[in-house]
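Asks: next come a sequence and a model predicted from it.
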Amino acid sequence: MKIDTKCVHAGGYPDAQTRGINTPIFTSSAYGYLDTDTRLYQRYFNTPNQEAVVKKICELEGAEDGIVFSSGMAAISTVLLSLLKNGDHAVVQDEIYGGSHAFVEEHLGKLGISFTLTGREVQEIEKATKANTKLIYIESPTNPLLNVVDIHRVAGIGKQRGILTVIDNTFATPINQNPFLLGIDVVLHSGTKYLGGHSDLYCGVAVARKDIAAIIRKTASHQKVSGDVRKRLGISDNLLRLSVGIENVSDLIDDIRQALEG
Ligand SMILES: Cc1ncc(COP(=O)(O)O)c(C=O)c1O
């Protein structure tokens with residue numbers, strides 16, 4: 001499939017119920033799950049609309065898996081928090097989007113993550129790496145000066161030294177540049193810009209290899225409280241929560257009666 005056709009069809013599916021040809025939009029924030037293994041929830045990134053968007057961007061970028069966020073900054077900050085930890089060092093291109101720059105400067109140090117801000121030349125980036133460098137962060141073309149980085153060579157430094165490479169690809173869009181195919185590990189977008197294209201959308205996306213996407217998703221989802229903690233708190237698997245004060249209490253009593261009799 002060529003890229004323009006992928007823009008239209010990748011990741012989408014017709015509506016099974018109405019046979020509408022466009023992917024349906026589901027507005028639910030909660031889904032029934034008692035009889036299924038998978039509990040759908042937006043923060044677990046597994047609802048049909050999230051998956052359709054991610055599949056489309058993965059197809060366009062040539063990546064394996066990804067996560068769609070509520071903003072570009074949510075994607076950027078979550079990726080950095082997922083892939084770096086106390087004691088690590090990051091090499092960060094100085095000329096990046098202001099919000100990303102501020103996040104790095106204001107938050108990484110507090111978490112015990114050191115960083116070096118560098119120019120965009122490959123030699124400068126390489127020179128800034130240290131024994132404990134775990135991540136190189138670049139943006140190309142840059143906002144707002146539209147300067148470019150030699151992405152392939154930066155990816156090469158990462159591969160050679162075992163350092164993860166991350167790029168903000170917002171300004172290029174997947175139509176003009178596919179950094180994942182050039183060897184970059186994580187590709188980020190503020191979907192708020194050209195992915196949306198009409199200034200009527202706010203979102204962010206991170207695409208990567210399956211294993212790296214899984215790490216990012218785990219950090220973002222805060223998915224599980226361990227069985228021990230649940231037990232200590234008195235939360236058993238058969239605990240039933242009733243929406244008293246929301247639905248009419250007599251309807252709730254009827255529901256319980258029907259369940260017990262049925
Ligand atoms: C290159 C780039 N990256 C990231 C962002 C942040 O994205 P958002 O505004 O969707 O949080 C912006 C926003 O202007 C941007 O231009």
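Replies: Okay, I see it. Remember, predicted model here, so these are calculated numbers, not experimental data.
Asks: the chain: strands as residue ranges?
Replies: Here the chain has its strands, by DSSP state E, at 65-69, 89-93, 114-118, 133-139, 164-168, 186-190, 204-208.
Asks: as TSV, those with mean pLDDT and mean neighbour count would be great.
Replies: In this view, the C-beta of every residue, glycine as well, is placed from N, C-alpha and C. Converted to TSV, the strands of the chain look like this (pLDDT from 0 to 100; neighbours: other C-beta atoms under 10 Å):
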stretch	mean pLDDT	mean neighbour count
strand 65-69	97	25
strand 89-93	98	24
strand 114-118	98	17
strand 133-139	98	24
strand 164-168	98	25
strand 186-190	98	29
strand 204-208	98	28
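Asks: just list the residues touching residue 148, thanks.
Replies: The contact partners of residue 148, by C-beta atoms under 8 Å, 6 or more residues apart in numbering, come to 120, 140, 141, 142.
Asks: from residue 66, how far out is the third one?
Replies: The spacing between residue 141 and residue 66, counted by C-beta to C-beta, to the nearest Å, is 21 Å.
Asks: hmm, who's touching the one helix or strand in the chain whose mean pLDDT sits lowest?
Replies: Least confident element among the helices and strands of the chain, by mean pLDDT, DSSP states H and E: helix 227-233 (a mean of 89). Under the contact criterion C-beta under 8 Å, 6+ apart, helix 227-233 has outside partners 225, 236.
Asks: again, 7 Å this time
Replies: Outside helix 227-233, not one residue touches it by C-beta atoms under 7 Å, 6 or more residues apart in numbering.
Asks: can you give me the offset of that helix from its chain's centre?
Replies: 29 Å (C-alpha atoms, centre = their mean, to the nearest Å).
Asks: again with stretch 211-224
Replies: 9 Å.
Asks: would you pull up the residue in the protein closest to the ligand?
Replies: residue 72 (2.3 Å; C-beta to the nearest ligand atom).
Asks: was I right to think that residue contacts residue 196?
Replies: No: between residue 72 and residue 196 there is no contact under C-beta atoms under 7 Å: 10.6 Å.
Asks: ok, back up a step: now the strands of the chain as JSON lines including distance to residue 215?
Replies: Output for the strands of the chain, formatted as JSON lines (distance: least, C-beta to C-beta, whole Å):
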{"stretch": "strand 65-69", "distance to residue 215": "10"}
{"stretch": "strand 89-93", "distance to residue 215": "16"}
{"stretch": "strand 114-118", "distance to residue 215": "20"}
{"stretch": "strand 133-139", "distance to residue 215": "12"}
{"stretch": "strand 164-168", "distance to residue 215": "10"}
{"stretch": "strand 186-190", "distance to residue 215": "10"}
{"stretch": "strand 204-208", "distance to residue 215": "9"}
